[in-house]
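Asker: Need coordinates for the following:
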Amino acid sequence: MAIVCAATTSLCGQGPDAPVQQHIAQLVGQLGATDFDSREQATAELLSQGEVALPRLRAVPNSAPYEVRHRARLIQQQIEDDKFRMLSRSFLLDLDGSKSYGLPGWDRYRQLVGSTRTCKLLFLDMIRQQPEVAQLIELASAENASPAAASSLAKLASMEASRLRDELYLLREPKIGDSVAMLMVAATLSSQTPVEISDIISISERRSFEGNIHKEGYRNCLRKLLGAWLPKTHVAMAPAAMDCALNYDLVEGSEIARRCLTANFDYDTRKLAFYCLARFGNETDVERIAPFLEDRAVVDQIAIGAPMGEVHESNTPPPFAPAEPVSGNNLVVRINDLALVTSILLLGENPQQVFPRYEEHDKLGFFIHSLASPADADVEQQQRIDQWKQRHLPPSSKS
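Answerer: Residues are numbered from 1 along each chain as shown. Here you go, the predicted structure:
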């Protein structure tokens, strides 16, 4: 909390005069006295001095005796913690959301999220867990911020994200304050979010941000921060980002989906892209999807077993792996099925015209197995697709 206290010290006016500083220096030296009572008396007096003692306490060198260093660090920590508690109380009780009370990064945070009590609680958690990152967010989001400030923020946040990732192996999960800090970094940087930071955000999201995502007020705040992160997500994190968009109904997922509708991505990633466009896309995406109406690659296969009627699902193998044989008894879902149902939904029509067993899905937009048709009926399915294209797509999109 040292940065928070340093940022607020200037609000208190001029620093202490020379006699006070001299007395504090004597008390710091007394921390190493041979007499226990003298050490305890010096500790109590330094604590009573409060903020004015912090410069001297911070200046204690590493070469000082252990007792001096140890007590100085404990006193410094307690003074800073007391100051933060006082600031937090004033900050939370003040209905004027524009006042930062010297807490770094507040202006940028409230622009993104708001200034409700819940928003403030999450912000204080960020300051508590990541004060140095918060300070750099303040610098990088300033009106005349230099490129060096953004570079320093990205570097420090990436290091913190890597540390948090390592701590997972010790069963120490990221705190909500850590997660909010990483989301704020992503929102502040104009460049693409470093993969390390996106990784921690994704891990925290899968763990429901310590359960806070299920609390209505917190959920609203976190959704806004996630919405600011999604468009800047690295393509390596595209599946996790699109899944996050689907989980929390974030329209920003459509921006990632549009980048993933190419042959450079595996079928599962493109499947998520169709889901996102079906949920968050618009009519202009229909022409973008049109080329996939010719793609007959199987993305899901459902084997109907006899005699018990067992169903065995098989997804598309990874790139360069041999494809599983598709028998005529199997039901399959192809890329062109996904492209067609997405286009139909974007045009506001009923998919049951082409997919008789079509079922709506609250999260994904459609239930993929309700699109399945017999593997040996590919020609008939393609005919239905061609007929739909004739009715709905301009000539340039039919070829």
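Asker: So for stretch 346-357, first residue to last residue, what's the gap.
Answerer: 19 Å (C-alpha to C-alpha, to the nearest Å).
Asker: Residues contacting that stretch, please?
Answerer: Where contact means C-beta atoms under 8 Å, 6 or more residues apart in numbering, the residues beyond stretch 346-357 that reach it are 277-278, 281-283, 285-286, 289, 337, 340-341, 344-345, 358, 366, 370-372, 384-385, 388, 392. Backbone N, C-alpha and C define where each C-beta goes, glycine included.
Asker: Can you tell me which of the residues you listed are buried?
Answerer: The neighbour-count test (16 or more other C-beta atoms under 10 Å) marks 277-278, 281, 285-286, 289, 337, 340-341, 344-345, 358, 366, 370-372, 385, 388 as buried among the contacts of stretch 346-357.
Asker: who does the helix or strand where Gly29 lies touch, helix- and strand-wise?
Answerer: Using DSSP states H and E, Gly29 falls within helix 18-30. If you count contacts as 3 or more C-beta pairs under 8 Å, 6 or more residues apart in numbering; DSSP states H and E, helix 18-30 packs onto helix 36-49, helix 54-58, helix 66-93.
Asker: That helix: which residues count as buried?
Answerer: 24, 27-28, 30.
Asker: now do stretch 142-156
Answerer: For stretch 142-156, using 16+ other C-beta under 10 Å, the buried residues are 149-150, 153-154, 156.
Asker: Show me where the stretch 201-350 of the chain has its strands.
Answerer: 298-304, 311-315, 331-334 (DSSP state E, counting those that start in this stretch).
Asker: Go through those strands and find the least confident stretch.
Answerer: Of all these, strand 311-315 carries the lowest average pLDDT, namely a mean of 49.
Asker: mind checking how far Arg288 is from Leu246?
Answerer: Per C-beta to C-beta, to the nearest Å, Arg288 is found 19 Å from Leu246.
Asker: Look at the two and report which has more neighbours.
Answerer: Legend: neighbour count by other C-beta atoms under 10 Å for Arg288 and Leu246, higher for Leu246 (21 against 16).
Asker: For burial, what's the neighbour tally of the nearest residue to the more buried one once chain neighbours are set aside?
Answerer: Take Leu246 and drop its neighbours on the chain: the residue closest to it by C-beta to C-beta, 6 or more residues apart in numbering is Lys363, 5.5 Å away. Counted with other C-beta under 10 Å, residues neighbouring Lys363 total 11.
Asker: mind giving me the domain split of the protein?
Answerer: 1-85, 94-232, 267-398 (automatic domain parsing).
Asker: Deepest in the core, which of those is it.
Answerer: Across these, averaging neighbours per residue (mean count of other C-beta atoms under 10 Å) puts domain 94-232 on top, at a mean of 19.
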